[in-house]
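Visitor: can you look at this prediction? I've put the sequence above it.
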Amino acid sequence: MQFKDIIGQSEIKSKLIDTVKENRISHAQLFLGTEGIGKLALAIAYAQYICCENKAENDSCGICPSCSKYQKLIHPDLHFVFPITTPKSGKKISEQFITKWREKVNDNPYFNLNQWIEIIGAENKQGLIYTDESREIMYKINLKSFESEYKIMIIWMAEKMHISIANKMLQIFEEPPEKTLFILISEQTDVILPTIISRTQIIKIPKIDDLSLRQYLKEKHQIDDNEISDIIRLSEGNMINVLENINSSGLNEINFDLFMNMMRFSFSLKYVDINNLTEEFRTLGRERQKQFLKYAMRMIREYYMLSSGNKVLSKLTDTETNKDEKFASVFPKFINNSNVQKIYEELNKAYFHITRNGYARIIFFDMMIKINKYIAKKPS
């Protein structure tokens, strides 16, 4: 992966390149920031640039033997550690899932932990970096470099490390092996040992700027300017959100109609209408059901912003604002401090049960009945 493949982050790219040119590569670095901003992509591009045999001014060459192996993530001096689930047999180490990891990262390096866990078939399990990984880390860093000057280990979602691994990493950072680079990637430093944080160079990665997102959407997707503006406004500098919004852009109007009907029927509590709508939800299929519920959670947030007088913070699209003027003017009055969290929780519970293969009609029916308790009151 090259720096040119990464969307935005020009300032961070320049800083990383300068550390190589000026020979001041810190042995332990922590790439910190929210999801979907390219931390993993930056770490890989940085590693590739360090090991490139024919560096250009602002990027790796992309064609030397080292770059060719980095492009496929198979360079012998590049190692990955990432959260996994409990395998059926053998050690609980990242190496068991390395083929799927390479496939996913090469396909699209912008993904979050939940998406990764779904790929490796986690079912209801959480992803963790297990104790077994500490022995694997020690073994790999004590090997001599095979081809490059540096051995590089990228630890993705470092906050998921077991405490025993964290303690082992602390020992390594105190006496680092020569020409070994650790890049930790994290979204939450509050669960990483403070002693580890104090021994790393922290590089804060910002959200992707709107101009870079607009350029990406214009070059890579056939989308008109109004739709691009909606996608950027909803995505908040997060490429995961951008990709989801691209895929769902044609469905937003359909989702909005479903949302209006769901809220109206929940309010009126007409069981014939609720039954008909739950049957419509059932026919959508599980992925569309999940997508709709995420959409509904966003809409509750946007209407709460309106009801709170924070119109500037609301990210409703033109369709959502103008399609039904009566709904747009009346519904925000029913979302307030006393019920917004409860409604959101009911939608989130429904999403949880759908992901666990629950029966959709019952889940949506139950959710709408419960929402009625919170919105079927005279707005204040």
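Guide: Received the coordinates, thanks. Numbering: from 1, shown residues only.

Visitor: contacts and neighbour counts: CA atoms only from here.
Guide: Noted.

Visitor: residue boundaries of the strands in the protein?
Guide: 28-32, 78-81, 151-156, 180-186, 201-204 (DSSP state E).

Visitor: thought Lys151 was touching Ile137?
Guide: No - between Lys151 and Ile137 there is no contact under CA atoms under 8 Å: 11.6 Å.

Visitor: give me the more crowded residue out of the two.
Guide: Lys151 (26 against 19; other CA atoms under 10 Å).

Visitor: on the pLDDT front, check that one for me.
Guide: pLDDT for Lys151: 93.

Visitor: state the distance from it to Asn241.
Guide: 33 Å (CA to CA, to the nearest Å).

Visitor: tell me where the stretch 201-350 of the chain has helices.
Guide: Per DSSP state H, counting those that start in this stretch, the stretch 201-350 of the chain carries helices over the ranges 210-220, 225-235, 239-248, 252-268, 271-283, 286-307, 318-322, 325-330, 340-355.

Visitor: closest to Ser94 out of the ones you listed?
Guide: Shortest distance between Ser94 and the helices of the stretch 201-350 of the chain, using CA to CA, is found for helix 239-248: 23.1 Å.

Visitor: tilt between that closest one and helix 225-235?
Guide: 140 degrees (axes from the mean of the first three to the mean of the last three CA atoms, to 10 degrees).

Visitor: packing partners for helix 239-248?
Guide: Here helix 239-248 touches helix 225-235, going by 3 or more CA pairs under 8 Å, 6 or more residues apart in numbering; DSSP states H and E.

Visitor: show residues contacting the helix it packs on.
Guide: 210, 213-214, 217-218, 241-242, 245-246, 249, 315, 317 (CA atoms under 8 Å, 6 or more residues apart in numbering).

Visitor: okay if I get the residues you listed as JSON lines plus pLDDT, distance to Ile369 and neighbour count?
Guide: JSON lines is the format used below for those (pLDDT from 0 to 100; distance: CA to CA, whole Å; neighbours: other CA atoms under 10 Å):
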{"residue": "Asp210", "pLDDT": "92", "distance to Ile369": "40", "neighbour count": "16"}
{"residue": "Leu213", "pLDDT": "92", "distance to Ile369": "40", "neighbour count": "22"}
{"residue": "Arg214", "pLDDT": "91", "distance to Ile369": "41", "neighbour count": "15"}
{"residue": "Leu217", "pLDDT": "90", "distance to Ile369": "40", "neighbour count": "22"}
{"residue": "Lys218", "pLDDT": "87", "distance to Ile369": "43", "neighbour count": "14"}
{"residue": "Asn241", "pLDDT": "86", "distance to Ile369": "30", "neighbour count": "19"}
{"residue": "Val242", "pLDDT": "89", "distance to Ile369": "33", "neighbour count": "21"}
{"residue": "Asn245", "pLDDT": "79", "distance to Ile369": "29", "neighbour count": "20"}
{"residue": "Ile246", "pLDDT": "79", "distance to Ile369": "32", "neighbour count": "17"}
{"residue": "Ser249", "pLDDT": "59", "distance to Ile369": "29", "neighbour count": "16"}
{"residue": "Lys315", "pLDDT": "72", "distance to Ile369": "27", "neighbour count": "21"}
{"residue": "Thr317", "pLDDT": "71", "distance to Ile369": "28", "neighbour count": "17"}
